[in-house]
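**Q** sharing a sequence plus its predicted fold:
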Amino acid sequence: MSTHLARYVEHVMGMPISLALRGRHNHDALAQDAWRAVMDQLRWADTVFSTYREDSWVSRLGRGEVSLDACPPEVAEVLAIGEQAERDSGGAFSVHLPGPDGRRRLDPSGVVKGWAVQRAAAALRALPETDHCLSAGGDMTCLTTDPDADPWRVGVEDPRDPTRVVAVVPVFSGAVATSGTAHRGQHLLDARTGLAPQGVASVTVVAGTLTTADVDATAAYAQGLEAAAWLARRPGRSGLVVWQDGTTTTVEPVPVALSTR
């Protein structure tokens, strides 16, 4: 298999989407068709789920203008994932978040990104003898088809200084997602209290799919000081918690090589 990397970048859903391909179909017509299919799927997801678009199905559902049955079936699928995450997290994660006025609003953003990217990556998984690493705002789903190939190496930013890397996660096939405040400020809340979690700076989760990794990273972050303990109880997950004082806790088994730089 060729180790040459072909790279693609576009913006959608308010964030950069980047793709690295290596192998048989890294820069040919099939690869470019797959990339277009990925972007088409993400643009569709934006029209359905964006809370910033007044005409999205989710915005209309939140205002009571349409019923859930009238929405595309994927809306019910995403909300079901969010409801399960709410149960699993004891209410810390929710798709119904408290707003400034104290009233709860429908906001499935904590599910949508990972779910949409994992779903869109189906076009890449269909490429024969081709590895991919698809990143959405730094959260990644990866596939390695050659057992002799090197893993994808995913850096975990220092939430206090995004120019530094605090860890490197080697991933053959799976996903890595990080929740924190390094880029967007304090936008993550504990849905039980409506307040920002205390003591935690970022949570990185490694899991089989980006849907799972993204949801659990957000849910763990919402646990605040209980982030590592909660994540350690999640079957099939591993991760790295960076605390506000700069210390870290690794949740085993984690394929993490702590950076010395």
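**A** Great, that's in hand. Numbering: from 1, shown residues only.
**Q** contacting residues around stretch 64-75?
**A** The set of residues external to stretch 64-75 that reach it, using C-beta atoms under 8 Å, 6 or more residues apart in numbering, is 48-49, 57-58, 60-61, 76, 79. C-betas here are computed from N, CA, C, even on glycine.
**Q** what residues sit buried inside that stretch?
**A** When burial is assessed from 16 or more other C-beta atoms under 10 Å, stretch 64-75 yields the following buried residues: 71, 74-75.
**Q** just put those in CSV and tack on pLDDT, distance to Tyr8 and secondary structure.
**A** Below are the buried residues of stretch 64-75 laid out as CSV (pLDDT from 0 to 100; distance: C-beta to C-beta, whole Å; DSSP: H, G, I helix; E, B strand; the rest coil):
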residue, pLDDT, distance to Tyr8, secondary structure
Cys71, 98, 31, coil
Glu74, 98, 24, helix
Val75, 98, 28, helix
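**Q** within its sheet, name the partner strands of the top strand by length along the chain and how each one runs.
**A** As assigned by DSSP state E, the longest strand anywhere in the chain is strand 161-171. When pairs are called by DSSP bridges, strand 161-171 turns out to pair with strand 152-158 (antiparallel), strand 257-258 (antiparallel).
**Q** low pLDDT regions in this structure?
**A** Per-residue confidence for the chain (pLDDT under 70) gives these ranges: 1-3, 100, 102, 182-187, 253-261.
**Q** leaving out sequence neighbours, find the closest residue to Gly194.
**A** Here the nearest residue to Gly194 in space, its sequence neighbours aside, is Pro98; by C-beta to C-beta, 6 or more residues apart in numbering that works out to 3.7 Å.
**Q** in this structure Leu143 contacts Glu129, no?
**A** No - shown here, Leu143 and Glu129 do not form a contact pair, counting by C-beta atoms under 8 Å, at 11.2 Å.
**Q** mutual contacts of the two, please.
**A** What both Leu143 and Glu129 touch, as defined by C-beta under 8 Å, 6+ apart, is an empty set.
**Q** these two: who's more crowded?
**A** Applying other C-beta atoms under 10 Å to Leu143 and Glu129 shows that Leu143 carries more neighbours, namely 20 against 11.
**Q** contacts only, for that one.
**A** Leu143 makes contact with 121, 124-125, 131-133, 173, according to C-beta under 8 Å, 6+ apart.
**Q** tell me how many other residues surround the residue nearest to Gly194.
**A** A count of neighbours around Pro98, defined by other C-beta under 10 Å, yields 17.
**Q** likewise Glu54?
**A** Using other C-beta under 10 Å, Glu54 has 9 other residues around it.
**Q** ok so, going back, just the contacts of Leu143: which are in helices?
**A** 124-125 (DSSP state H).
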